[in-house]
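> Have a look; sequence and predicted model below, questions after that.
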Amino acid sequence: MKHIFTLLTALLLAPLAALHAAERPNVLLITADDLGCQLSCYGEKRFETPRLDALAKQGARFENFYVAQSSCSPSRAALLTGRWPHQNGQIGLAHLGFKMRAGQKTLPALLKTAGYRTGIIGKLHVEPAADFPWDWMSDKKVAAKPTQDVKWVAEQSRKFFATAKDAKQPFFYYVNFFDPHGPYTPDVHQIAGLPEKPSQPADVSDPYPMMGRPPEVAAKRVTATIINTIRRLDAGVGLLLDELDAAGVADNTLVVFLGDNGLPVVRGKTWSYEPGVHVPLLMRGPDVEPGQIRGDLASAVDLMPTILRTAGVAVPEEVAGQPLLPSAKREFLFTEMNFHEPQILRVQRSVRDEHFKLLLNLTPAADQSPVELFDLRSDPGETKNLASDPARQDTRAKLEAALRVWRETSADPTLDAARVKRWQDASTKWGKLPKIKAGPNMVVRIPEGELKLLD
């Protein structure tokens, strides 16, 4: 009799469990590689991004959203763990030997445990990859950067949405477009027919401030290529959202779009200045009121708790961020910079409030002061250092105190000056290693076992 009661109970509860699963929102997390605020909805005047502009109008556009570190792997690791790079250990590029510490709780792992079907297309770029369990991965494509073929991304996404429907599971789908990452060579002006009418160097009147300060002709050529990659990205996001609509699940899907760090322009990617860390964030879906323009300070570490809370999944205590929905309020926002490639070490820590931003440069370049203070309202380009201005000493003290508290409570390893010196010594050592071929570039990779030099 007891077994019959148990069976009847299970049969009664099964439809309720299935209903609950069906009601849980799907999550579509989209990243653009090396995209800063070069979208027309963020004020870009050189070209238009109609599909992303439409996404912004359908949900919320965050005006003050920052990545944790302006380097691909650390930024993505922070996004997928909700912890700062110096906490999870991914302080440099994954394909060059840097990796997270063991035991990190990751977004796809937590959602998979909670019954979500997980899928990925494009690069993960975080190690160890085993900490990211995927039920579905895209078909292999013979191309160096396959997600630059955004039509192929849409076709693959159609397949993933169908598998989730067949499995009768809510889904977490992580889509990583390679655009607008370089190299900015002529072969990426147009891929698979997109953009339909590529921009030409002659169309550029205001080139981006490229690193190395190339001649104007070269700067216009590179700027035109960047414009074409972002226009293709815009079309690709549109095709992806069209597939979401066609699958009939758009209304119950939280869509999150962001750049993983800024463009490689002057003081951009690999720096903690605004062009490197200030990126777009667009959100649409359940609990997101259309037409919002959010001015509050938001960080990439906030996205994991936001997504978990929306999915009804418990947020781990060690997560550093806070949910952004329905609203969030913080007085200070932080970023960091550590390694990019093994021989590129820039230890920066930054803090900003609604008005000012302070940078602490622990390994300053020749043209950097150890402390920099900027008025982001009157000087958004960060051209005038106010750190020594007598009228701003109270502001400097307040921000330095906030930065100190953050570094202490998050166990920032660079509080130890001796450790910073070990990082410098290791970086110098690695910089003398022979370069190896990785994609189109010749790079230095950390030899196996030498990551311990940073301890």
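Yep, that arrived.

> show me where pLDDT drops low in this protein?
Where the chain drops to pLDDT under 70, the residues are 1-22, 144.

> Domain-wise, how is it divided?
Taking automatic domain parsing as the domain assignment, the ranges for the chain are 18-331, 336-454.

> Now the ones you listed in a markdown table, please, with extra columns for mean neighbour count.
Just so you know, the C-beta spots here come from the backbone N, C-alpha and C atoms, and that holds for glycine as well. Below are these laid out as a markdown table (neighbours: other Cβ atoms under 10 Å):
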| stretch | mean neighbour count |
| --- | --- |
| domain 18-331 | 20 |
| domain 336-454 | 16 |
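
> distance of the nearest residue to K57 once chain neighbours are set aside from A54?
Excluding the flanking residues, the one nearest K57 by Cβ to Cβ, 6 or more residues apart in numbering is G291, at 6.1 Å. Using Cβ to Cβ, to the nearest Å, G291 is found at 12 Å from A54.

> repeat for Y174
With distances taken as Cβ to Cβ, Y174 is found 22 Å from A54.

> Dig out what T335 forms beta bridges with.
With DSSP bridges as the criterion, T335 is bridged to S350.

> And the helices in this protein?
2-23, 50-58, 72-81, 85-88, 107-113, 150-167, 216-246, 274-277, 303-311, 393-409, 417-431 (DSSP state H).

> now the ones you listed as a markdown table including distance to G268?
Formatted as a markdown table, the helices of the chain follow (distance: least, Cβ to Cβ, whole Å):
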| stretch | distance to G268 |
| --- | --- |
| helix 2-23 | 42 |
| helix 50-58 | 20 |
| helix 72-81 | 13 |
| helix 85-88 | 18 |
| helix 107-113 | 26 |
| helix 150-167 | 24 |
| helix 216-246 | 11 |
| helix 274-277 | 4 |
| helix 303-311 | 21 |
| helix 393-409 | 22 |
| helix 417-431 | 21 |
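
> For E127, find the nearest of these.
Smallest distance to E127 across the helices of the chain (Cβ to Cβ): 7.9 Å, for helix 72-81.

> what angle sits between that closest one and helix 303-311?
Orientation note: helix 72-81 sits at an angle of 30 degrees relative to helix 303-311 (axes from the mean of the first three to the mean of the last three Cα atoms, to 10 degrees).

> Need the contact partners of helix 72-81.
Applying Cβ atoms under 8 Å, 6 or more residues apart in numbering, the contact partners of helix 72-81 are 31, 33-34, 67-69, 84-85, 87-88, 90-95, 98, 100, 104-108, 124-127, 132, 258, 260-261, 300-301, 303-304, 319, 338.

> Filter those down to just the ones in strands.
By the criterion of DSSP state E, membership of these in strands covers 31, 258, 338.

> quick check, nearest of the residues you listed to S272?
S272 has its nearest neighbour among the ones in strands among the contacts of helix 72-81 in N338, at 10.4 Å by Cβ to Cβ.

> Spatially nearest residue to the closest one (excluding sequence neighbours)?
Nearest residue to N338, sequence neighbours excluded (Cβ to Cβ, 6+ apart): I91, at 3.9 Å.

> Just confirm the one you found contacts M337, I think it does.
No. The criterion here is Cβ atoms under 8 Å, and I91 misses it with M337 at 9.2 Å.

> For those two, list the residues in contact with both.
Residues touching both I91 and M337 (Cβ under 8 Å, 6+ apart): Q69.

> which residues touch S427?
Contacts of S427 by Cβ under 8 Å, 6+ apart are 339, 342-345.

> quick one: terminal-to-terminal distance for stretch 61-78?
Stretch 61-78 has an end-to-end distance of 21 Å (Cα to Cα, to the nearest Å).

> Quick one: distance of that stretch to the chain centre.
Here the centre of stretch 61-78 is set off from its chain's centre by 4 Å, with Cα atoms, centre = their mean, to the nearest Å.

> and if you look at stretch 57-70?
10 Å.

> try stretch 390-399
When distances are taken as Cα atoms, centre = their mean, stretch 390-399 is centred 31 Å away from the chain's centroid.

> wait, what's in contact with the residue nearest the centre of the chain?
In the chain, the centroid-proximal residue (Cα atoms, centre = their mean) is D260; its distance is 2.8 Å. By Cβ under 8 Å, 6+ apart, the contact set of D260 is 31-35, 67, 72, 75-76, 79, 279.

> For these, give me JSON lines that also has distance to S199.
Listed next are those as JSON lines, based on distance: Cβ to Cβ, whole Å:
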{"residue": "T31", "distance to S199": "23"}
{"residue": "A32", "distance to S199": "18"}
{"residue": "D33", "distance to S199": "19"}
{"residue": "D34", "distance to S199": "18"}
{"residue": "L35", "distance to S199": "16"}
{"residue": "V67", "distance to S199": "27"}
{"residue": "C72", "distance to S199": "25"}
{"residue": "S75", "distance to S199": "27"}
{"residue": "R76", "distance to S199": "29"}
{"residue": "L79", "distance to S199": "30"}
{"residue": "V279", "distance to S199": "22"}
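
> Now flag whichever of those residues is closest to V249.
Using Cβ to Cβ, T31 is the member of the contacts of D260 that sits closest to V249, with 20.4 Å.

> residues contacting the closest one?
With Cβ under 8 Å, 6+ apart, T31 has these contacts: 76, 79, 122, 174-177, 257-260.

> Next, format those as CSV and append distance to A164.
Output for the contacts of T31, formatted as CSV (distance: Cβ to Cβ, whole Å):
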residue, distance to A164
R76, 23
L79, 22
G122, 18
Y174, 13
V175, 14
N176, 18
F177, 20
F257, 20
L258, 22
G259, 26
D260, 25
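
> Of the residues you listed, just say which sits nearest to S410.
The nearest member of these to S410, counting by Cβ to Cβ, is L79 at 16.5 Å.

> Distance check, that closest one against A411.
From L79 across to A411, the span is 20 Å (Cβ to Cβ).

> same check, this time on W430
25 Å.

> ok, now Q190?
Taking Cβ to Cβ, one finds Q190 at 48 Å from A411.

> Ok, E331 next?
Using Cβ to Cβ, one obtains 21 Å as the distance from E331 to A411.
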